[in-house]
Every structure is written in C-alpha cells, then in structure tokens.
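Colleague: Sharing a sequence plus its predicted fold:
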Amino acid sequence: MIYIGLLISSQELSATPMTHVLVIEDDPVTSREIEAALQDHGFDVTLVNNGREGLLAAISDTFDIIVLDRMLPGALDGLGMLTALRASGITTPVLILSALSALDERVRGLRAGGDDYLTKPFEFIELTARLDALNRRRAPPSAANRDSRLRIGNLEIDLLRRSVRRGERQIDLLPREYALLEYLAQHAGQVVTRTMLFEAVWNYSYDDRTNVIDVHIGRLRHKIDGEGDSPMLQTIRGAGYVLRSPE
Amino acid sequence: MSYVRLSEIPRTISFRTALMFLALFGCSFFALFGYIYWQTTGYLISEVDTALHREVDRQNAQEPALRRTEILKHTEQDPEGRLPYTLFDSAGTTIAGALSTLPTFSAYDKPAEFFWDKANGHDRPIRYLVHKLDDGSTLLIGQDIHDIREFDELLVNALVSGGSLLIVVGLLGAIALGVSARRRLDVLSRSIKIIVEGDLSGRLPTRGNNDDIDRIAGVVNGMLDALERLMSEVKGVCDDIAHDLRTPLTRLIAGLERAQRRNLTQKEYASAIDTAIEDAKGLMQTFRALLRISEIEGSARRSNFTLVGFNQICADAVELFEPLADERGMNLEFKPCEGVDTVMGDSQLLFDAVCNLIDNAIKFSPDGSDVEVTVSADSNNCGISIRDHGPGIPEEEREAVFRRLYRSESSRHTPGNGLGLSMVSAVARLHDMSLQVHDARPGCRVDLIGKAQNA
C-alpha cells in the first residue's frame, strides 16, 4: 500500500473538534495502515475487525464517520452490517472499502446505505480526502451555506444563476467548467481528488490512466486565476486539487 | 487402422443401441410370426372340423343299409386312408371302414385327434369325430391331417431359421457399429490425449457430415480455440508482466538504494521519496488496470445491462477529451448517428472503452491532426468508430495490440501501460460486440460494433 501523508487542512482541523472514525477492517496490515494514515490526518481512530463488533461499537458509541470493509469474516459481512446499522436508525456517514470495482457492486453498496465507495487498492490520500468530504457533508450547513451564493475570498458563485465573479471580473464558464468549480467551491479548503471530481462532475467512475482532468482544471484555473489575481485553485502533488482563498 | 479389442465393443453406445434395436425387432418378429402361425393353423383345423361335421350330418341322414354300402365303397376308393370313415356296432366291432378299433374319445360329436398305426407301419395323425347313430351303431368320420402338421412344421422351421438369421445379422451389425464407433472415439481420444499432453494447436478430426460426434467435435474444437487464445494470452501476460514491471521496479529500487547510500539533504530525500511514490503509484495503476480487466472478463455483469445510447456515451467522452486534443492543436470531431443508437450494455464500461480508444487516438496522432468519432447505425447494428491520422497499426500487430501489456515497438516511448486496448477488448467481449482495427490510410480506424436494440 502506498501511504502519502496529507499536510493540508491542518488549519481547518484546529478549529473543529477531533473527528472520530470507526474503521471496520479484518485485514490487520490494511487496518494498521489506515489507522496510521487517519491519525496523521488528525482523526481519532477506533479499529474493529469484524461486523458484529463493528455494529456494537457503532450503536453504543458516537462516531463521525465509519470506514467499512465490504468483505468481513463471520456471519455479518460489510453490507449486512450496514443494513443492520441503518435499520437501527444510525445515520453516521459510511465509506465502503471493497476489492470489487464492478458498477453493480458499487450500486449495491450505496443502496444498502453507504455514502461513498472506494475500491482497493486505493491511495490513502484518496481515503482521507473522501472522509473529509463526508465529514463536511455531515456538518450542519452554516448560514453562508444556505445562501444561494458561495464566496471564497473574492470569488463569488451564484448557484441559482450559475454565474461566477472574481472581484469585479465576470467569468464566463462552460457548463462542465462551472460544475467543476461548484464542486470545488463546495469543498473549499479541502483536497479534492481527481476521482472525486470525475465521479461528481462527469457521473462516471474514474479510470486513472489519463491526465484529462488536469487539462480541464488547467482551463478552469486559467479563467478564474486570471493574470492579475493571486492563484486560488492549487494542485496538490500526488493528490488532487484544492480551492482556497488566497489570503 | 487401429485394432479394437472385442471386449471393449459391448461397452460402446452404438453396440448397445444396435442390440436394443435387435431385441425390439426380434420381439416384434416373433410376435408377428407367432400370430401368423396361430391364425393359419387355426384356420386349417377349423376347415377340417367343418368338413367332418358336414359328413356326419350327411351320413346321419342316410338309410343304415345304404350308409354301410357307401362306407364300404368309400374305403375301397381310399386305399391310403386319407378319409378313414368307419362304422362300428354297439359292441365296438368294425362293421365297415378302414379302422379296426374305435380310438378312445372323450365325448361324442367333438373333434379329437389320434395317431393311426397303419398296417404298413406308417403313423398318421387323424382328426376325427365320433357320432352315435340312431340305430345304435357308432360312426367315426376322420381326416388325415398329416399335411397340415407338415405345413405347421414348415412354418416353425421358417420362424426359427429366419429368427436365427435375424439375430446373427443383427449381432454382426451391432458389432460392426460398435467397432466403427469405438474406432472413431479412439481417434478422438488419441487427439485429445495429444492436446492434453500440451499440443494446444491440435484439433479433433471431423468428417464434415455434421453427425452427433462431428457436432461434439466441433464444439470441443471451439472450446480449444478459446482455450488456446487464453493460454497464449496468459503466457503473453506473464512475459509482458516480467518485462513491463521489471523496469519500473528496478528504477524504484535503484532510486531508493541511491537515497540510502548517499548523504542527501532533506530536500533531496523528499524528492527521492516523491520519485519512489510516483513509480510505485504507476505500478499500482498497472495492477489496478489488470485487476479491472480480470474482473470484467470473469464477471457476469451482463445482468446489470441497461439500454445505453452510443451518442450520449461518445458525446461525454469527446467532451472529456476535447481540451486535451485542443492542447495539441488537434481537432476532435464527433458525428452522432440519426438512427437507433441504443444497445444493451453497461454505460460505465462502454464509456471507459470509448475513452481508451479516443485517448489512444490522440496519443498516437501527430499534433494538429484530426480525430473523428463517429456513431453509425443500420437496422441491425450500431457502432462506434474512432479514426486517427497517426502511424496506424501494422497488419501483423492488429491482433496482438489487444493483448494485456502488449506495447508495440513504436509505442514503447509513449506513456501508458499497454492495458487500454485489452480493457476495450474485454468490454467488447462482455458485450458480444465486434472490435476491429482497420487501416484508414493514413492512420487507423477502430470499430466497435454491437447489436442495436430499440428502446
């Protein structure tokens, strides 16, 4: 497994209380690596190695996010555990880890109550970025979020009119560019991986052999970070992108 | 020709089937013959009986004296005793006729048979009727039925000899069938043995008459084709994995060892780690792609198929790659079709396949050239064709490019893992679509054609 420490978002973390993550994974090597990666990312991790204990832990304790392996030993496998969890009224976001990449597997996982799905082998940067996104989604929308406008620094996105301004400058975007920017803005300050972007904006799952996304981002960057402005859309090497206020 | 052991023949299906038919035919033969025998003899005997009764009636109606004279005269005219009419008095002594004693009989006026020991030493079977006359004397009317018995015997002889002939010919036929089946199966099993021993190019011989064994041999040959292709792919994959993964692994290890050996600054360490991670990620991508292809090939994802529009998929893919083409001054042109563009399929996989093809087309084309993506349809089929103006794929490599990890010499220096087209090929196979590489002069055209489905 490849582990890449994520150095971003420490300033965001300091403001919020520690995020508790329950990891249900039977393979000791993988679970240790996940634990290390999540701890480095600033999460508080509880490890469990089977579905039954996972269900007990999830019911008796409060967690912010659950990372669930699809294949678990014993009577209660990942999907069974998830179904039981949802049946008992617990809405904690769940990210499913699976060795099966088939589309129908993904659909089954999400239908059983999963919130996201990641195929093994994965990069840990991908896992932490997705967990950040899930954690953000869980947080109650602030007053600013309920607004029909998103503001990041001097970038302003009107979600209803689908128009974008940077300072005084009106920016014309193609529909796909707008969709990219909107997703990035909704996750402002967080690392967003190419895979996440692709799934959210193109509605296909990502096959990571091309640099096509980079070209799309390059065009978007060219439009929003014009000549005079300080750059907002940053590339995080080996990870993805982050849109943040330049200040 | 091969030698077939006799003990093996009874085990062949042909022999057993022939034997079964022989038994069936034999049974019906005996039943038919038995019926004919029974009917014929019954008819002849009943004819005799009718004649006997008629004669008794006639004699009964005659005057006793006249009757006696007539019987005497009759006996004289029938020296061979064909119709031995005899008149006995109440004490059982012969009054007139050929017989000297009254044979024992069970009842009057009921036909019975006895063997007449004639004076000349001949035994003759006689069917007779004994009648009590009004004057107290007893009349015996008889008929020699030797001819009927002889006819019966003839019939039985014919039955036995015909039946034996039937059995002998049938058995010989069954053995011949068994031998020929055994020989044919021996030829087949020898061919299979050779194949099992490792000669995967061997095929089962067929006669071309499309009989049962030919059809099975045809199916097995089809299976062998698939097997041979898979084996060569597996072998190819092993070779290619060895080649293709060795290079990045060597680079990775060399880089890490170099970092370990030298006293590097903090910054140099960081850059060495970055390089190592990049290399390892590349390796992981290759493995992930390999896993994905195996999953597609080994899956029953067809159950997940829905109606998918080629126009939509190609439009999405073209839209995705348009900026990439644009960067290189290329024109990515998309021509949707007017007719039915829907097929049964998995949109994600088809999208991936089209992306792979477009990606390849862009990668291998010179800057500033055109790439055309066309969806076309006729009443039965619906296809996507992707045409570039690159160097094209030489005729002899058009099969090989679909092999996992295959990189043609000309593409060695282009980034990629050699799995793109294998993935497309796996998707095409899963969808029962045809995937062909054509020479577009200049450039190459890849056609992915499936069966159109009306919504």
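Modeller: Cool, got the structure.

Colleague: Tell me which residues of stretch B:175-192 come out buried.
Modeller: B:Ile175, B:Leu177, B:Gly178, B:Val179, B:Ala181, B:Arg182, B:Arg184, B:Leu185, B:Val187, B:Leu188, B:Ser191, B:Ile192 (16 or more other Cβ atoms under 10 Å in any protein chain shown). To be clear about C-beta, it is placed using only N, CA and C from the backbone, and glycine gets the same treatment.

Colleague: element containing the third one?
Modeller: So that's B:Gly178. Element membership of B:Gly178 [criterion: DSSP states H and E] is helix B:146-196.

Colleague: And the strands in chain A?
Modeller: Using DSSP state E, the strands assigned to chain A run over residues A:19-24, A:43-48, A:65-69, A:94-98, A:116-119, A:149-152, A:155-158, A:163-166, A:169-171, A:192-193, A:233-236, A:240-243.

Colleague: which of these is buried the deepest?
Modeller: strand A:65-69 (a mean of 27; mean count of other Cβ atoms under 10 Å in any protein chain shown).

Colleague: before we move on, the earlier item: and the buried residues of stretch B:175-192, which is closest to chain A?
Modeller: Nearest to chain A among the buried residues of stretch B:175-192: B:Ile192, at 35.9 Å, using Cβ to the nearest Cβ.

Colleague: mind checking how far that closest one is from A:Thr92?
Modeller: 59 Å (Cβ to Cβ, to the nearest Å).

Colleague: Neighbouring strands - and their directions - for the strand of greatest length in chain B?
Modeller: Longest strand in chain B, counting residues (DSSP E): strand B:123-132. According to DSSP bridges, strand B:123-132 forms sheet pairs with strand B:112-117 (antiparallel), strand B:138-144 (antiparallel).

Colleague: Can I get that strand in CSV? Just the C-alpha atoms.
Modeller: Extracted as CSV, the C-alpha positions of strand B:123-132 are listed here (Å, rounded to 0.1, in the frame of the first residue of the first chain):
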residue,chain,number,x,y,z
ASP,B,123,-48.2,-93.4,-38.3
ARG,B,124,-50.7,-90.9,-39.5
PRO,B,125,-52.3,-88.1,-37.5
ILE,B,126,-56.1,-88.3,-37.8
ARG,B,127,-58.6,-85.7,-36.8
TYR,B,128,-61.9,-87.4,-36.2
LEU,B,129,-65.4,-87.1,-34.9
VAL,B,130,-67.4,-89.9,-33.3
HIS,B,131,-71.2,-89.9,-33.7
LYS,B,132,-73.8,-92.1,-32.1
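
Colleague: what's the domain layout of chain A?
Modeller: Domain assignment for chain A by automatic domain parsing gives A:10-138, A:143-243.

Colleague: Please convert those to TSV, extending it with distance to B:Ala315 and mean pLDDT.
Modeller: Compiled in TSV, the domains of chain A are given as follows (distance: least, Cβ to Cβ, whole Å; pLDDT from 0 to 100):
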stretch	distance to B:Ala315	mean pLDDT
domain A:10-138	20	85
domain A:143-243	12	85
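
Colleague: that's a strand at B:Tyr108, yeah?
Modeller: No - per DSSP: H, G, I helix; E, B strand; the rest coil, B:Tyr108 lies outside any strand segment and is coil.

Colleague: Could I get the contacting residues of it?
Modeller: B:Val130, B:His131, B:Lys132 (Cβ atoms under 8 Å, 6 or more residues apart in numbering or on different chains).

Colleague: out of those residues, which are buried?
Modeller: For those, a neighbour count by 16+ other Cβ under 10 Å gives the buried set as B:Val130, B:His131.

Colleague: shaky segments in the stretch 351-455 of chain B?
Modeller: B:404-417, B:455 (pLDDT under 70).

Colleague: Would you state the helices of it in chain order?
Modeller: Per DSSP state H, counting those that start in this stretch, the stretch 351-455 of chain B carries helices over the ranges B:420-430.

Colleague: Could I get the full set of strands for it?
Modeller: Assigned by DSSP state E, counting those that start in this stretch, the stretch 351-455 of chain B shows strands spanning B:370-377, B:381-387, B:434-439, B:444-451.

Colleague: what angle do the shortest one and strand B:444-451 make?
Modeller: Angular relation of strand B:434-439 and strand B:444-451 on a 0 to 180 degree scale: 160 degrees, by axes from the mean of the first three to the mean of the last three Cα atoms, to 10 degrees.

Colleague: helices or strands up against strand B:434-439?
Modeller: Judged by 3 or more Cβ pairs under 8 Å, 6 or more residues apart in numbering or on different chains; DSSP states H and E, strand B:434-439 is in contact with helix B:420-430, strand B:444-451.

Colleague: Quick check: which of the ones you listed is buried the most?
Modeller: Mean neighbour counts were taken over these using mean count of other Cβ under 10 Å, and the top value, a mean of 23, falls to helix B:420-430.

Colleague: Counting neighbours, what do you get for B:Glu395?
Modeller: A count of nearby residues for B:Glu395, using other Cβ atoms under 10 Å in any protein chain shown, gives 9.

Colleague: Next one: it from chain A, what distance?
Modeller: Going from B:Glu395 to chain A by Cβ to the nearest Cβ, to the nearest Å gives 27 Å.

Colleague: The longest helix belonging to chain A vs chain B: in contact?
Modeller: For chain A, the helix with the greatest residue count under DSSP state H is helix A:124-138. No - Helix A:124-138 does not reach chain B (Cβ under 8 Å from any Cβ of the partner chain); its nearest approach is 10.1 Å.

Colleague: Quick one: work out the angle between that helix and strand A:65-69.
Modeller: 140 degrees.

Colleague: Excluding covalently adjacent residues, which one is nearest to the residue nearest the centre of chain A?
Modeller: For chain A, the residue nearest the mean C-alpha position is A:Arg130 (2.2 Å; Cα atoms, centre = their mean). Once flanking residues are discounted, A:Arg130 sits nearest to A:Asp116: 5.3 Å by Cβ to Cβ, 6 or more residues apart in numbering or on different chains.

Colleague: who does the one you found bridge with?
Modeller: Bridge pairing for A:Asp116 - DSSP bridges - gives A:Leu95.

Colleague: From chain B, how far off is it?
Modeller: With Cβ to the nearest Cβ as the criterion, A:Asp116 and chain B are 17 Å apart.

Colleague: close enough to count as contact, that residue and A:Arg106?
Modeller: No - using Cβ atoms under 8 Å as the test, A:Asp116 is too far from A:Arg106 to be in contact (9.8 Å).

Colleague: returning to that earlier point: residue contacts, the residue nearest to A:Arg130?
Modeller: With contact taken as Cβ under 8 Å, 6+ apart, A:Asp116 is in contact with A:Pro93, A:Val94, A:Leu95, A:Ile96, A:Arg130, A:Ala133, A:Leu134.

Colleague: cool, B:Tyr37 as well?
Modeller: Counted by Cβ under 8 Å, 6+ apart, B:Tyr37 has contacts B:Asp152, B:Leu155, B:Val156, B:Leu159.

Colleague: So how do I select the buried members of the residues you listed in ChimeraX?
Modeller: The buried residues among the contacts of B:Tyr37 can be selected in ChimeraX (16+ other Cβ under 10 Å) with this line:
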select /B:152,155,159
